[in-house]
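Participant: I need the structure of the sequence given here:
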Amino acid sequence: MDETYIKIKGEWKHLYRAVDKQGNTVDFLLTNGIFQITDITGRVVVIKDLSNRKQEEEIDIGGLAPGLYLCKVLENNILISAGKIIKN
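Facilitator: Numbering: from 1, shown residues only. Below you'll find the predicted structure:
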């Protein structure tokens, strides 16, 4: 578990990040932002606005085809965190 404060456009935000043994992000919590998953061609396949949620939410990736995906957390178009998803 990695926990830090980051400053975005003059405001401090709390970022929690869970990583696996290889250092890949497996879970995160950010006070605001956009969660985005793209395929290897760069096409956005999942996008979720995190700013107005009332509780933790799971993002279902069951409908995605097997392959490699990039997941990103953006706030005000600034990359906050990135990781990969390998779906078998």
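Participant: can you pull the contacts of residue 87?
Facilitator: Counting by CB atoms under 8 Å, 6 or more residues apart in numbering, residue 87 touches 61, 64-69. Where C-beta positions appear, they are placed from N, C-alpha and C, glycine not excepted.
Participant: try 10 Å
Facilitator: 61-62, 64-69 (CB atoms under 10 Å, 6 or more residues apart in numbering).
Participant: for it, list each beta-bridge partner.
Facilitator: Note on residue 87: beta-bridge partners by DSSP bridges are residue 67.
Participant: just to revisit the earlier point, by neighbours, which of the contacts of residue 87 wins?
Facilitator: residue 69 (18 neighbours; other CB atoms under 10 Å).
Participant: any idea of the mean pLDDT in the helix or strand hosting residue 79?
Facilitator: Secondary structure from DSSP states H and E places residue 79 in strand 78-87. Averaged across strand 78-87, pLDDT comes to 84.
Participant: only the buried residues of it, if you could.
Facilitator: Applying a neighbour-count criterion of 16 or more other CB atoms under 10 Å, the buried positions in strand 78-87 are 80-81, 83, 85.
Participant: same list (the contacts of residue 87) but as JSON lines, adding distance to residue 45.
Facilitator: Shown next, in JSON lines, are those (distance: CB to CB, whole Å):
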{"residue": "61", "distance to residue 45": "9"}
{"residue": "62", "distance to residue 45": "12"}
{"residue": "64", "distance to residue 45": "6"}
{"residue": "65", "distance to residue 45": "9"}
{"residue": "66", "distance to residue 45": "13"}
{"residue": "67", "distance to residue 45": "10"}
{"residue": "68", "distance to residue 45": "12"}
{"residue": "69", "distance to residue 45": "7"}
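Participant: out of these, who's nearest residue 10?
Facilitator: Nearest to residue 10 among the contacts of residue 87 is residue 69, at 32.1 Å by CB to CB.
Participant: just say helix, strand or coil for that closest one.
Facilitator: Counting by DSSP: H, G, I helix; E, B strand; the rest coil, the backbone at residue 69 sits in strand.
Participant: what's the spacing between it and residue 51?
Facilitator: Counting by CB to CB, to the nearest Å, the separation of residue 69 from residue 51 is 22 Å.
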